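> Here's my sequence, what's the structure:
(chains A and B)
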Amino acid sequence: MADGNSIVRMRGVSKWFKKTRALDKVDLDIPRGTIIGLLGANGAGKSTLLRHTIGLYLPDEGEITTFGTDAAKLTPKELARIGYVHQEGELLDWMTVRQLIRYVSAYYDNWNHELETKFIDDFEISLKDRVGAMSPGQRQRLAILLAIAFEPELLILDEPAAALDPIARSQFLDLLLEMIQDRNRTIIISSHILSDIEKVIDHALIMHEGRILRDCTFDSLREEFLKVMVTSLDGELPPRLNLDNVIACERKGANATLAVRNYTEEDLEAWAQEHNCKIEARPLPLEDIYRIVINQVSEKK
Amino acid sequence: MKILLANLRHFYQCRSLWLWYSFLLFWSFPLFLSPWVRYGPSGSFPGFFLISFFLGTLAAGVQRDVLAKPFSYCLPNHRRVPKLFILGIGLILNLLLGIAAFWRPAMDSSHSLFVIIAASFVGITSYLLAVWFVFASKGPAGMALIGFFFVVMFTFEYQISAAYVIISYTLQLIVAGILACAISWKLLDGDTLARRFCGEHLLGFADTWNTAKTQKYWQRRLALRRSGKSHTGLDRAGDFFVARMKACSPLGGNRHVLGNLYVISGRYLGPWWWMWMYAASLLAAAVGFGYMGDTPMANLLFIFPVFGTAQVDLIPHRSILLSSGRTEKYYSAVVSGFAVTFLAAIAVAMVAAMTIPLSMVMPDLSWEGTTYTFHFIDPKKSYLVLILMPIVLLVATLFANKRILTMAVTMIAVAMVMLSVPFGLRLEFSFPTTVLIIAGMIAASWAGFVLILGHYCRKRCLVGQGR
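Sure, this is the predicted structure:
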């Protein structure tokens, strides 16, 4: 998806941790104004990739530019445009919440105090609490507040909702939906809770063993993989359905549920008429698409 | 039985425990050797009960670590294991120690047997005392062992009298030991212990060298201790730094330097009464080191700041993305390094300076036939701080996730001063030769600090596995 509008650009990026290859010749362009879902199993290289974009990690090979600057040489000017929620939610535990917010806000001239107050109220964050004495969920809320209150152009969320309860997660998603109204804002969100992130993303990156398997718009991914419910209009379905690119199939008498790839609804309608069937097609949930993509790689091996 | 064996595995599979075993070996030598050297092979070695204390701390500490793991709460039949394990292992080990310390071929066999049993029960009482200390607190189990080292150092003289007590009051000691075991059997209730420690954030023996866990533990403790309390000193420091940060240009480096200094100083700031505590500590140090007097041991005063700052990471908030780039992190780290060293040198020089007027008023002290005279310490020797601190701060920052390395450098610094004792090196400050050498050493130390830190900040990963 390379174009001149990229705010993060990676070319041939590889990273080794001793004998483990964490990133394997990654090429990536992140265009402005997209909401990117970064998907992958534990150890797939998601956090490593995110840390490279902000210069916390340096690549062993390849180059990375963020906002047009070498990621290793980002200055306060560029960094003040990036918000980052760290996977482990490390904060300064000895401070009170109020002290920590004041401290972090001192780094940003564009700190939005109204947004801060709103977020404190919505997420019921107590300003008097010591950060180290907070529950993991409360700490995560605080980390999110610190990352968004200066309204960054690029927001990197590394497992932001992992420690949140269902209500807080839903509030967080509402907040994200609110934030993406700003067309200039780019959000990269890495999460294992795929049912949540499929509500907000418009682009998907699927990683596996340090490589990017898929880098495409979420719409194209949803068009590529379909769930098809077939009902025969004259008794049992034939033993062979005569359909290519069937990834999964469950049959019961006159009904079958299929997961298919690379079919348009028109193609499927034509097939249904030919076989005297009724057909209903809908996109597969992201979780199923992810599983299919990863399984395909494993099968190739 | 299988669970008991599984618990035993911790003791040889956990590598960090081997370090504690080496400590035990190291301290056992003087413990057993001291009476031997002084009284010959006919003397007994009652110092073994200090080893029992060490073993008790170790046994209970490891059991406490296991109990703190949430999964262990629901393990079938696990709850009675700590009690069985601690008492079973304790009885066997202390019997062996009793034999090693009191077995004499020349002694009448029945009396010898009673003495060995009495000694074993003294050992197990000491062992159970350590167990009680460990289970009574939720603090780091290793802390009890620090006390142990001091006890070992100062009890050589009393070990012999303890031997007479064991030989003379065998029956009474056996009864007392059985009573201690019975009480412990009652008190070490598996259900209560499991509920008390399940899911607790503890710093176990195995975590001693795990920097991330250790830092998290101490930060959490600090937070809990400060929770719900107003800390005027800390709040004022926050106001001071934040106001100045906001006044700085957003693109300049000063904002980041001030932020770094605030975070580094945070752990040393608290309520106002801490000021009195710091002042009292300085005065106590002046008195203590003054009585060490005119010996090279007094040079340890100038190593003290190294202990205090061995854990200071000059890049303190690596994973919170602030607007500090690598260059800003580098400048902040260098300035913070200078500031920390400067403050440490001032503190040490103040202690040394305090010894000058004190030397005029402090009386001579006599203890066990030795007279200790108060001597003043030359404040000019603070140059040692200026040489050592950049090295230690550099190691602490570069290897922030490898605490053992920082400890090793600190210990080397102490060993160097200790080694200077037999050679009578007093690190005097004389003009012009030593002044030039010292100036060269300070310059070399700081040049290394600035250059290596620069390379680290530009070319290395700042967080995670890549560091």
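> Could you use CA atoms for every contact and neighbour count after this?
Noted.
> Can you give me the pLDDT of residue 135?
Picking chain A for this. pLDDT for A:S135: 82.
> I was after chain B.
You'll see B:F135 listed with a pLDDT of 83.
> Just to be sure, it is in a helix?
Yes - the assignment for B:F135 is a helix, going by DSSP: H, G, I helix; E, B strand; the rest coil.
> Can you show me the helices along the stretch 151-300 of chain B?
B:156-168, B:170-187, B:190-197, B:211-226, B:232-247, B:254-266, B:273-292 (DSSP state H, counting those that start in this stretch).
> Out of the ones you listed, which one sits most buried?
Greatest average neighbour count among the helices of the stretch 151-300 of chain B goes to helix B:254-266 (a mean of 21), per mean count of other C-alpha atoms under 10 Å in any protein chain shown.
> That one - contacts with which helices or strands?
The helices and strands touching helix B:254-266, judged by 3 or more C-alpha pairs under 8 Å, 6 or more residues apart in numbering or on different chains; DSSP states H and E, are helix B:232-247, helix B:326-361.
> residues in contact with that helix?
A:94, A:103, A:107, B:234, B:237-238, B:241-242, B:244-246, B:248-249, B:312-316, B:324, B:328-329, B:331-333, B:335-336 (C-alpha atoms under 8 Å, 6 or more residues apart in numbering or on different chains).
> if we can go back for a sec, want to throw the helices of the stretch 151-300 of chain B into TSV with mean pLDDT and distance to A:P136?
Conversion of the helices of the stretch 151-300 of chain B to TSV gives the following (pLDDT from 0 to 100; distance: least, C-alpha to C-alpha, whole Å):
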stretch	mean pLDDT	distance to A:P136
helix B:156-168	69	50
helix B:170-187	88	34
helix B:190-197	78	19
helix B:211-226	69	12
helix B:232-247	82	24
helix B:254-266	89	22
helix B:273-292	87	30
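> okay, these in TSV with distance to A:I35 next?
Putting the helices of the stretch 151-300 of chain B into TSV (distance: least, C-alpha to C-alpha, whole Å) gives the following:
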stretch	distance to A:I35
helix B:156-168	71
helix B:170-187	59
helix B:190-197	44
helix B:211-226	33
helix B:232-247	32
helix B:254-266	31
helix B:273-292	49
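> secondary structure class for the spatially most central residue of chain A?
By C-alpha atoms, centre = their mean, the mean C-alpha position of chain A lies nearest to A:G37, the distance being 1.9 Å. Under three-state DSSP, the three-state class of A:G37 is strand.
> same question, A:E63
Secondary structure for A:E63, judged by three-state DSSP, is strand.
> what's the neighbour count on the residue lying closest to it once chain neighbours are set aside?
With sequence-adjacent residues excluded and distances taken as C-alpha to C-alpha, 6 or more residues apart in numbering or on different chains, A:E63 is closest to A:R11, at 5.4 Å. Neighbour count of A:R11, defined by other C-alpha atoms under 10 Å in any protein chain shown: 15.
> element containing A:R11, please.
If you go by DSSP states H and E, A:R11 is part of strand A:6-17.
> what does that strand contact?
Residues outside strand A:6-17 that contact it (C-alpha under 8 Å, 6+ apart): A:21-32, A:53, A:58-68, B:465-466.
> and that strand, which residues are buried?
A:S6, A:I7, A:V8, A:R9, A:M10, A:G12, A:V13, A:S14, A:K15, A:W16 (16 or more other C-alpha atoms under 10 Å in any protein chain shown).
> tell me the average confidence for that strand?
For strand A:6-17, mean pLDDT rounds to 93.
> Kindly report the same for stretch A:41-56.
For stretch A:41-56, the mean pLDDT works out to 90.
> hang on, the earlier thing: list the neighbouring strands of the strand holding A:R11 plus their orientation.
Using DSSP bridges, strand A:6-17 pairs in its sheet with strand A:20-31 (antiparallel), strand A:61-66 (antiparallel).
> wait, which of the helices of the stretch 151-300 of chain B is closest to A:R214?
helix B:211-226 (34.7 Å; C-alpha to C-alpha).
> coming back round to it: does the residue nearest to the centre of chain A have beta-bridge partners, and which?
Counting by DSSP bridges, A:G37 forms beta bridges with A:I189, A:A204.
> Which residues are in contact with it?
By C-alpha under 8 Å, 6+ apart, the contact list for A:G37 reads A:I188, A:I189, A:S190, A:S191, A:I197, A:E198, A:I201, A:D202, A:H203, A:A204, A:L205.
> out of the residues you listed, which are buried?
Using 16+ other C-alpha under 10 Å, the buried ones in the contacts of A:G37 are A:I188, A:I189, A:S190, A:S191, A:I197, A:E198, A:I201, A:D202, A:H203, A:A204, A:L205.
> from those, which is closest to B:L84?
Nearest to B:L84 among the buried ones among the contacts of A:G37, counting by C-alpha to C-alpha, is A:S191 at 45.3 Å.
> For A:S190, see how far away the closest residue to that closest one other than its chain neighbours is.
With C-alpha to C-alpha, 6+ apart as the criterion, A:S191 has its nearest non-adjacent residue at 4.7 Å, and that residue is A:E159. Distance of A:E159 to A:S190, computed by C-alpha to C-alpha, to the nearest Å: 5 Å.
> Which members of the buried ones among the contacts of A:G37 are the farthest-apart pair?
Greatest spatial distance in those: A:S191 and A:D202, 14.6 Å, computed using C-alpha to C-alpha.
> Tell me the spacing between the residue in the stretch 51-200 of chain B that chain A sits nearest to and B:K216.
Across the stretch 51-200 of chain B, the shortest distance to chain A (C-alpha to the nearest C-alpha) belongs to B:E200, at 13.1 Å. Between B:E200 and B:K216 the distance is 13 Å, computed by C-alpha to C-alpha.
> cool, A:G40 as well?
Going from A:G40 to B:K216 by C-alpha to C-alpha gives 28 Å.
> B:A6 now?
For B:A6, the distance to B:K216 (C-alpha to C-alpha) stands at 28 Å.
> I'd assumed A:A259 was in contact with A:I247.
Yes - counting by C-alpha atoms under 8 Å, A:A259 is a contact partner of A:I247 at 5.3 Å.
> who's more crowded, those two?
Each of A:I247 and A:A259 has its neighbours counted (other C-alpha under 10 Å); A:A259 has more, 22 against 14.
> Determine the three-state secondary structure at that one.
Using three-state DSSP, the structure places A:A259 in strand.
> Ignoring the adjacent residues along the chain, who's closest to the residue in the stretch 201-301 of chain A that chain B sits nearest to?
Going by C-alpha to the nearest C-alpha, chain B is nearest to A:G210 of the stretch 201-301 of chain A, at 15.0 Å. Nearest non-adjacent residue to A:G210, counting by C-alpha to C-alpha, 6+ apart: A:L23, 4.0 Å away.
> the helices in the stretch 351-467 of chain B, which residues?
Ranges of helices in the stretch 351-467 of chain B, per DSSP H, counting those that start in this stretch, are B:383-398, B:403-420, B:433-459.
> Just give me the lowest mean pLDDT stretch among those.
Among the helices of the stretch 351-467 of chain B, helix B:403-420 has the lowest mean pLDDT, at a mean of 72.
> out of the helices of the stretch 151-300 of chain B, nearest to A:K300?
Nearest of those (C-alpha to C-alpha): helix B:211-226, 39.4 Å.
> In contact with the residue lying closest to A:G45 once chain neighbours are set aside, which residues are there?
Nearest residue to A:G45, sequence neighbours excluded (C-alpha to C-alpha, 6+ apart): A:G210, at 4.9 Å. By C-alpha under 8 Å, 6+ apart, the contact set of A:G210 is A:R21, A:A22, A:L23, A:D24, A:V26, A:A44, A:G45, A:K46.
> Of those residues, just the buried ones, ChimeraX syntax please.
Typed into ChimeraX, the next command selects the buried ones out of the contacts of A:G210 (criterion: 16+ other C-alpha under 10 Å):
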select /A:22,23,24,26,44,45,46
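> now, which of the contacts of A:G210 sits nearest A:E299?
Ranked by distance to A:E299 (C-alpha to C-alpha), the contacts of A:G210 are led by A:A44 at 17.2 Å.
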